Every structure is written in structure tokens, then in C-alpha cells.
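A.B. asks: With the sequence up front, the predicted model follows.
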Amino acid sequence: MSSISHPSLSRSATIARAFGARVAEYESHAGLQRIVAERLATFLPPRSCPRVLELGCGTGLLSRRLIESYPDGSFLLTDLAPAMLAECRRNLGDKAGTAQFQTMDASRPVADGPVDLIAMSMILHWLPDPVAVLRQLQGLLAPGGMLLYATISGSSFPEWRDVLERLSLASGLVELPELPGVIDEEMLVAGSDTLTFLRRMKAVGGITAKEGYAQLSAGQLRRAIRLADCDHGGRITWHILYGRLGASFVSD
């Protein structure tokens, strides 16, 4: 996968810049992210007036479901990219009045006082140490509180990994550890061919390679795309994990 990273920026700043630059077209290309947010919302626990923290709210795909599910709740919606926060506020419309918006790096989460629910969809895989972040987030939960997450696993995109290995090309895919609290998983395919997959990833700011990765040349990228289309039918598979944590690293 090619990189759109900028070596002069920190990884967090690079990610914020990548997503912020694509905010206007994000939702038109975020079909898979929408599916994942909707599925994650099915795990929301019944609560009357919870204090809710969302990390990586983006344009509000999950935020809308959170506010719909908890009409009497209070919400702190956060994202690393200010442009995404502004778009989330716009998309929520009249419902935005029930929420506060704050720029926040999910790798260093903070909250004033304990919260009843923490939700994060498709954000953990961007963090340098997702397990450590989950531990920190558990410390922000009130007694009986819950943390829900959805993320890709380290076995996502096996077809693209296979192609890069066979062509002896370096992979920019970030390696992910085993995560605690997994309660469900699914395999999803978005796009009809490899180029469409890569274009959609770029359109949603999602091609930010691991640090130190030198992006593929145009010729290398073309060869990899042709081989993926030929041998895998252009199917690139996302392995999505859904997790739930309470006060300890034991799924509820």
C-alpha cells in the first residue's frame, strides 16, 4: 500500500492531516466504515443518561447512533483532525447541541471525571500502542462502565500482503497486536478491484503507512495491482474485530 505520509511531521500530525484533507469526500467513500459503525452500535448497552466519550469520531458515523441511542446522555466527541470535528458537528445538525467537541489524540486520551461509555470505531489500528491505550481508557470508566471498539486486525488485507511478498516489495501496513476483549469478528470486502480499494482508502485518508516506510514507485504499484487483480480477483479483505471491556481485561 502506498504512503501519503510527510516525513517532517509526527505520525499523529500526518494522520490528522491525511484525514482532514479528505473531509469533504469522506462519507461518499466510507461505505465500509459506515457498515462497521452500524454493527458496533448493535453492542451498545442500555443506559438512561450516560456520560459518553467517543474517540476518533470522524464525520459522525457512530456519533449519530450514540446520540440516537441515548437521548438523555451527555457526549464528548473527539478527533485528532479539527476539520473532522467541524464536519461531525455539521452532520449532527440540531443534535449537536447535546454534545461537546474536542480535538484529542486518541493515543493520549483524557476526560474530566469517569465516563459510563467509551466508544471508538476504526481508530485503534492508527495508534502506536493500542493495548496500552485500552488499559488507559479502562481507567477512565466509571463503575459498571463499558468500553466498545471496532478495529481491523493484524490479519487484514491478506491478498495485498501476499502480492507484496511475492513481488519482494516492502509492506507499509502497520502490524497490530492481539487485542483484549474481542467479542465478535467479520470479514468484509469493499470495492470491486484493487485500484478501487486503494482509491477509496486514499479518499478517506486511510493510506498512512508505518513509520520509516518508503512508498512504492508507480511501476511497483502497477505490478502489485495487476497481480492482485489477476490472482485474487481484486478482492481485498478487511478482518474487523469488535471488542468490549469493562473494569478489567475480561469481556463482559
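C.D. replies: Cool, got the structure. Numbering: from 1, shown residues only.

A.B. asks: which residues of the stretch 151-252 of the chain fall in helices?
C.D. replies: Assigned by DSSP state H, counting those that start in this stretch, the stretch 151-252 of the chain shows helices spanning 158-166, 194-203, 218-232.

A.B. asks: For residue 84, see how far away residue 165 is.
C.D. replies: Distance, residue 165 to residue 84, using C-beta to C-beta, to the nearest Å: 34 Å. To be clear about C-beta, it is placed using only N, CA and C from the backbone, and glycine gets the same treatment.

A.B. asks: and the gap between the spatially most central residue of the chain and residue 180?
C.D. replies: Computing the C-alpha centroid of the chain and ranking residues by C-alpha atoms, centre = their mean puts residue 122 first, at 2.0 Å. For residue 122, the distance to residue 180 (C-beta to C-beta) stands at 18 Å.

A.B. asks: Have a look at residue 165 and residue 84 and say which one is more surrounded.
C.D. replies: residue 84 (26 against 11; other C-beta atoms under 10 Å).

A.B. asks: Not counting residues beside it along the chain, what's closest to that one?
C.D. replies: Counting by C-beta to C-beta, 6 or more residues apart in numbering, the nearest residue to residue 84 once its immediate chain neighbours are dropped is residue 58, at 5.1 Å.

A.B. asks: wouldn't the one you found be in contact with residue 86 here?
C.D. replies: No. With contact taken as C-beta atoms under 8 Å, residue 58 and residue 86 are classed as non-touching, separated by 11.4 Å.

A.B. asks: shaky segments in the stretch 51-200 of the chain?
C.D. replies: Applying pLDDT under 70 to the stretch 51-200 of the chain flags no residue at all.

A.B. asks: just to revisit the earlier point, the residue nearest to residue 84 looks like it's in a helix, true?
C.D. replies: No. In this structure, residue 58 is coil, not part of a helix, as judged by DSSP: H, G, I helix; E, B strand; the rest coil.

A.B. asks: Name all residues that make contact with it.
C.D. replies: Neighbouring residues of residue 58 by C-beta atoms under 8 Å, 6 or more residues apart in numbering: 19, 26, 30, 33, 79, 84, 87-88.

A.B. asks: swap the cut-off to 10 Å and go again
C.D. replies: 19, 23, 26-27, 30, 33, 37, 77, 79-81, 84-85, 87-88, 91, 121-123, 204-205 (C-beta atoms under 10 Å, 6 or more residues apart in numbering).
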